[in-house]
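>>> need coordinates for the below:
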Amino acid sequence: MNRRNDKLLIVFSKNPVAGRVKTRLASAIGDAEALRIYEQLREITREAVAGVDAAKAIAYSEFIPDADLLLTGDAEAWLQDGGDLGERMHRAFVKGFSLGFSRVALIGTDCPEISPFILDLAFQKLDECDLVLGPARDGGFYLSALKRPFPELFLNRTWSTSSVLNDSQRIAREHSRTCELLPALSDIDTFDDLKSSGLWTPEYD
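Residues are numbered from 1 along each chain as shown. A predicted model of the protein is given here:
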């Protein structure tokens, strides 16, 4: 892997296939439009990631594509490994640390407000604590960053609930890990999320 420094940024991406992405959103606007929105989100993610001084890995959900909009520059393609989302994230962090990186951050591709500033801030905050989380306004988190593996944060968890962030902070306290938060941002999972974002156009009503 091409290494610029000790920082690694992992991007979790689903393979962009209609009917396989943004399924809650697709129930309101259809599979094709949900895919189009997802591709917009991935393009926003690509632009944000490109401005960050860190090695990059794109971790795909099902297969590694021959080409993809996220595979630019020195980004390396990975395949997500594990059962549920938590196990996949944990294993991605473990892989990052096993490659010698000492600061690893992980994001998804659902947040239209993600920016290079936020990503750089995550690595800066990680100098002063064990764990950085980016709170999503729905109660989850859009980013996690670590300096060493933290399996309890990811394994045997219930995801996609409004208590994910609070539960994560509690787990950090229980394991004596210091935690810093980034600014709260919105992600897009539902039609209401889309209507509240800059990606919404009235034609969907």
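>>> just name the shakiest helix or strand of this protein by mean pLDDT.
Counting by mean pLDDT, DSSP states H and E, the chain has its least confident helix or strand at helix 191-195, which shows a mean of 87.
>>> neighbouring contacts of that helix?
Identification of contacts with helix 191-195 by Cβ atoms under 8 Å, 6 or more residues apart in numbering yields R24, L25, S27, A28, I29, I37, D138, S186, D187, I188, W200, Y204. Yep, even glycine has a C-beta here, placed from its N, CA and C like the rest.
>>> how does it look with 7 Å?
Where contact means Cβ atoms under 7 Å, 6 or more residues apart in numbering, the residues beyond helix 191-195 that reach it are L25, A28, I29, I37, S186, D187, I188, W200.
>>> among those, which one has the most neighbours?
I188 (27 neighbours; other Cβ atoms under 10 Å).
>>> right, and that one touches L41 too?
Yes - taking contact to mean Cβ atoms under 7 Å, the distance of 6.5 Å between I188 and L41 places them in contact.
>>> anything in contact with each of the two?
By the contact definition Cβ under 7 Å, 6+ apart, I188 and L41 are jointly contacted by D110, P112.
>>> list the buried residues in the lengthiest helix in the chain.
Taking DSSP state H as the assignment, the helix of the chain that covers the most residues is helix 31-50. Of the residues in helix 31-50, 31, 33-38, 41-42, 44-46, 48-49 count as buried by neighbour count, 16 or more other Cβ atoms under 10 Å.
>>> residues making contact with that helix?
Residues external to helix 31-50 that are found in contact with it (Cβ under 7 Å, 6+ apart): 9, 11, 13, 16, 18-19, 21-22, 25-26, 56, 69-70, 72-73, 109-110, 112, 114-116, 119, 188, 194, 199.
>>> among the contacts of helix 191-195, which are located in helices?
Per DSSP H, the contacts of helix 191-195 map to helices at L25, A28, I29, I37.
>>> the least confident helix or strand of the chain: how far from the chain's middle?
Here the centre of helix 191-195 is set off from its chain's centre by 19 Å, with Cα atoms, centre = their mean, to the nearest Å.
>>> pull out the buried residues from it.
F191, D193, L194.
>>> report how many residues lie close to the residue lying closest to S61 once chain neighbours are set aside.
Among residues not flanking S61 along the chain, K14 sits closest, at 4.4 Å (Cβ to Cβ, 6 or more residues apart in numbering). Counted with other Cβ under 10 Å, residues neighbouring K14 total 17.
>>> for A172, same thing?
A172: 19 neighbours (other Cβ under 10 Å).
>>> so who does the closest residue to it other than its chain neighbours touch?
Closest residue in space to A172, ignoring its immediate chain neighbours: C179 at 4.3 Å, by Cβ to Cβ, 6+ apart. With contact taken as Cβ under 7 Å, 6+ apart, C179 is in contact with C129, D130, L131, L133, Q169, A172.
>>> ok, now K125?
Going by Cβ under 7 Å, 6+ apart, K125 touches V132, E180.
>>> how about the one 3 residues further on?
With Cβ under 7 Å, 6+ apart as the criterion, the residues that contact E128 are E180.
>>> how about it, phi and psi?
When quoted as degrees, to the nearest 10, the phi and psi of E128 stand at phi -120, psi 0.
>>> fine, thanks again, bye for now.
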